[in-house]
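In: what's the 3D shape of this:
(one chain, ligands or ions: 1)
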Amino acid sequence: MKLNSNDVEIPASSVGVYDAIFRRRSVKQFTPDPVSRETLERLFSAAVWAPNHRLTDPTRFFAVGKDSPMRRRVAEAAWQSTYDGVVNPNPEHKRRSADASRDRVLNAPAMVYVYSLPGANDEVTRENYATSCCAVQNMALAGVAEGLCMDWSTGGLTRIPGLADILGADEAWAMVGVVFLGRAAAVPTTQRMPHSEVVTWLE
Ligand SMILES: Cc1cc2nc3c(=O)[nH]c(=O)nc-3n(C[C@H](O)[C@H](O)[C@H](O)COP(=O)(O)O)c2cc1C
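Out: Now for the predicted structure:
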């Protein structure tokens, strides 16, 4: 079944598009406040309305429930993967890094793995991946409207051995990232070049 955008119930929000764009920050420290299933449903609804050449619906989301057996399973796999991957041979150092990985998984109020499906050829695969990145950004911007921040990572937690199998994803799908969501405990600052340095006006 496919939805027409007129069928989508648009959530009420006082946050404007520009507010969301400029106020969105990548946040790693969250308060313990939970993120409800209903809130996540609104973010996923925003996500699937990313622009999508050929209407391939290429993005797949795996929402790993807080305090669920699956969250604990991913956390243990993250612990082992980090422990095995730490270059420093000091076992105490390895354990500390592994504990930090496990705690990051266990403590995040919401956690979603995002994958992008391959297309029939490289061009479509690339378009699909672009759509999936837009989908994550839609989630981030809708998150701002919900008072949430996101941490989008393509780091070690996306390279856990056997992860696709654990989640029920297909090994052939492209990893877009793991996103953590919650209320910010601390909001970092960041910088960008002014747009005047990256735009060429052609007349
Ligand atoms: C595709 C993608 C992957 C990212 N992966 C990581 C990551 O692995 N580790 C990390 O610390 N931040 C990661 N980030 C967050 C960026 O570091 C962050 O966007 C950047 O510092 C700018 O901050 P801002 O998002 O608050 O504007 C990622 C962001 C994107 C878009």
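In: got the residues of the protein near the ligand?
Out: When proximity is defined as CB under 6 Å from any ligand atom, the chain approaches the ligand at 25, 26, 152, 153, 154, 155, 177, 190. Just so you know, the C-beta spots here come from the backbone N, C-alpha and C atoms, and that holds for glycine as well.
In: okay, buried residues for the longest strand belonging to the chain please.
Out: Criterion DSSP state E: the longest strand present in the chain is strand 174-182. Residues of strand 174-182 classed as buried by neighbour count (16 or more other CB atoms under 10 Å): 175, 176, 177, 178, 179, 180, 181, 182.
In: OK, contacts around the residue nearest the centre of the chain?
Out: Centroid-nearest residue in the chain, with CA atoms, centre = their mean: residue 179, separated by 2.5 Å. Contacts for residue 179 (CB atoms under 8 Å, 6 or more residues apart in numbering) come out as 111, 112, 114, 136, 139, 140, 150, 151, 152, 153.
In: any weak-confidence spans in this protein?
Out: Counting by pLDDT under 70, the chain shows no low-confidence range.
In: spell out, range by range, the strands that occur in it.
Out: Under DSSP E, the chain gives strands at 59-63, 110-116, 149-153, 174-182.
In: tabulate the buried residues of strand 174-182 in JSON lines, adding columns for distance to residue 48.
Out: Output for the buried residues of strand 174-182, formatted as JSON lines (distance: CB to CB, whole Å):
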{"residue": "175", "distance to residue 48": "18"}
{"residue": "176", "distance to residue 48": "14"}
{"residue": "177", "distance to residue 48": "17"}
{"residue": "178", "distance to residue 48": "18"}
{"residue": "179", "distance to residue 48": "15"}
{"residue": "180", "distance to residue 48": "20"}
{"residue": "181", "distance to residue 48": "17"}
{"residue": "182", "distance to residue 48": "22"}
